[in-house]
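> 3D, please:
(4 chains)
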2 protein chains.
Amino acid sequence: MVRARSEERRADILRAALEVIAERGYRGATLGSVAERVGLTQQGLLHYFPTKEALLVAVLEERDRWDTSGGRDREGWRLDLLESLVEYNAMRPGIVQTFSALLGESVTDGHPARTFFTERYAQVRANMADVLRLEFGDRLAGGLTPEQAAPLLTAVMDGLQYQWLLDPSAVDMPGAFRDFLRLLRGGEEQSQGPSGT
Amino acid sequence: MVRARSEERRADILRAALEVIAERGYRGATLGSVAERVGLTQQGLLHYFPTKEALLVAVLEERDRWDTSGGRDREGWRLDLLESLVEYNAMRPGIVQTFSALLGESVTDGHPARTFFTERYAQVRANMADVLRLEFGDRLAGGLTPEQAAPLLTAVMDGLQYQWLLDPSAVDMPGAFRDFLRLLRGGEEQSQGPSGT
DNA sequence: ACCCACCTACCTGTAGATCGGTAGGTTACG
DNA sequence: CGTAACCTACCGATCTACAGGTAGGTGGGT
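Just a heads-up that it's a prediction; the model follows:
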């Protein structure tokens, strides 16, 4: 079972890389520190991933696999699933931090994750529009179309993550997200106790 | 007029630093490349800012000064000014990119900009809440309080910036922001041609 | 005469990557 | 069954590059 052992190692490395990137970003991450975390030397790590960039790509691919399976997919989501996704995220600061750090870096010139994020957001917006149309039809609060609301929904999720990462005690991320959904639903009067500060 | 010349140099350096950080983030930025851009050696630059971190701090302080003067202040904004701020930003991708990159990095451990952003966001949210209360009173669309809507407003601005930076042709940032304001205003029916994709 | 602005030279640390091994297991085959 | 050929999973040494920072100047303006 050499093959299995090897796959396991790769998975360990990816998990470690995720951690290190969360702590220092991609540019700040070093192969040595990732290697150390799984009990390898830097050279040992390079046996599995020939370059630093290859490691990053593998991390991103794994992410893609994850959210193309776990509930989503070309047309998989519904609004209440989004809500639980945000709740789920609120319990995994590590993962959120990894991808928020990467997103931030990715807007810089020639960053290896840039195309990944660009394409991903295009797809996410399309997805969101579908979800919204399914839930609200063609016309939602404020007279917006699903296509107009989709980037906003996406933006809220990301923006809240940054605020929450910077100061978790100042922002109730899932609560705030629910607030936004109420805004989308548009009813003037709704109770349900306050969630923010 | 040596003093003036020196101030001018500092301003040049800060401008160059802003550019370089936009291109490579803080961690990826090098003193040498900033220096080069203003026709100095790296050591010449260190004459003005004794460490790399000092340079970053100066950049952040300048930003603070900028948005504590230009229209804002403890109680300065109004919603329509926010709208023009977003329009203004849409014409300065450089600045937006600098601070989006920094925000992304700042969530990593021990980043020198972290406290800056943490405090800044607390203040921004408070500001936003004031603005919203001034505009809408205590109860806005969806039954939200200004304090609940403030983090959302902030998140939308930031989140849209990332989407826009990644693919300006895919997102009409000012248009999308106006859409969000319509959502906040809450009226079910409003015309004004579509803005999104 | 002095000092501000800046440079040359240099040091130290670190990062990614290459090279050449070695130990242990696996397979091919006489 | 045994052994030679080969492969996998690493490690040590080393190369190259560059980064931030220090020390000690020099030269021009006031």
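> so who does A:Thr154 touch?
Each residue near A:Thr154 by Cβ atoms under 8 Å, 6 or more residues apart in numbering or on different chains is listed here: A:Tyr121, A:Val124, A:Arg125, A:Met128, B:Gly159, B:Gln163. For glycine as for every other residue, the C-beta is placed from the backbone atoms N, C-alpha and C.
> Distance of it relative to DNA strand C?
The gap separating A:Thr154 from DNA strand C is 30 Å, by Cβ to the nearest atom of the strand, to the nearest Å.
> Next: A:Met157.
Counting by Cβ to the nearest atom of the strand - A:Met157 and DNA strand C are separated by 30 Å.
> With A:Pro146 instead?
As judged by Cβ to the nearest atom of the strand, A:Pro146 and DNA strand C stand 42 Å apart.
> Likewise for A:Arg185?
As judged by Cβ to the nearest atom of the strand, A:Arg185 and DNA strand C stand 47 Å apart.
> again, but for A:Asp167
28 Å.
> Grab the nearest non-local neighbour of that residue.
Leaving aside its chain neighbours, A:Asp167 sits nearest to B:Thr118 (5.2 Å; criterion: Cβ to Cβ, 6 or more residues apart in numbering or on different chains).
> Could you give the number of residues near the one you found?
By other Cβ atoms under 10 Å in any protein chain shown, 17 other residues sit near B:Thr118.
> Which helix or which strand is home to it?
Using DSSP states H and E, B:Thr118 maps to helix B:114-136.
> just to revisit the earlier point, could you flag which of the contacts of A:Thr154 are buried?
Applying 16 or more other Cβ atoms under 10 Å in any protein chain shown to the contacts of A:Thr154, the neighbour count classes A:Tyr121, A:Val124, A:Arg125, A:Met128, B:Gly159, B:Gln163 as buried.
> top helix in chain A by residue count?
Counting residues, the longest helix found in chain A (DSSP state H) is helix A:2-28.
> How about it, which residues are buried there?
Buried residues in helix A:2-28, defined by neighbour count with 16+ other Cβ under 10 Å: A:9, A:13-28.
> Intersect these with the contacts of DNA strand D.
Restricting the buried residues of helix A:2-28 to those near DNA strand D by Cβ under 7 Å from any atom of the strand leaves A:Arg9.
> Surely A:Arg37 and A:Glu23 touch.
No. Assessed by Cβ atoms under 8 Å, A:Arg37 is found out of contact with A:Glu23, at 10.5 Å.
> Any chance you could note which residues of chain A sit beside DNA strand C?
Proximity of chain A to DNA strand C, by Cβ under 7 Å from any atom of the strand, involves residues A:2, A:29-33, A:42-43, A:46, A:50-53.
> Give me the buried subset of the residues you listed.
The buried subset of those - by 16+ other Cβ under 10 Å - is A:Ala29, A:Leu31, A:Ser33, A:Leu46, A:Lys52.
> Which single one of the residues you listed is nearest to B:Ala176?
Nearest to B:Ala176 among those: A:Ala29, at 32.7 Å, using Cβ to Cβ.
> where's that closest one relative to B:Met128, distance?
34 Å (Cβ to Cβ, to the nearest Å).
> Check A:Thr115 too.
Remark: distance between A:Thr115 and B:Met128 (Cβ to Cβ) = 33 Å.
> List the contacts of the residue of chain A found nearest chain B.
Nearest residue of chain A to chain B, counting by Cβ to the nearest Cβ: A:Gly104, 0.9 Å away. Counting by Cβ under 8 Å, 6+ apart, A:Gly104 makes contact with A:Gly25, B:Gly25, B:Ser100, B:Ala101, B:Leu102, B:Leu103, B:Gly104, B:Glu105, B:Val107, B:Tyr162.
> Please identify which helix or strand holds it.
In this assignment (DSSP H and E), A:Gly104 forms part of helix A:93-106.
> what mean pLDDT would you report for that helix?
Mean per-residue pLDDT for helix A:93-106: 97.
> for stretch A:152-163, same thing?
Computed over stretch A:152-163, the average pLDDT equals 98.
> And that stretch, what's buried?
Residues of stretch A:152-163 classed as buried under the neighbour-count rule (16+ other Cβ under 10 Å) are A:Leu152, A:Leu153, A:Thr154, A:Ala155, A:Val156, A:Met157, A:Asp158, A:Gly159, A:Leu160, A:Gln161, A:Tyr162, A:Gln163.
> closest to DNA strand D among the residues you listed?
Closest approach between the buried residues of stretch A:152-163 and DNA strand D, by Cβ to the nearest atom of the strand: A:Tyr162, at 24.4 Å.
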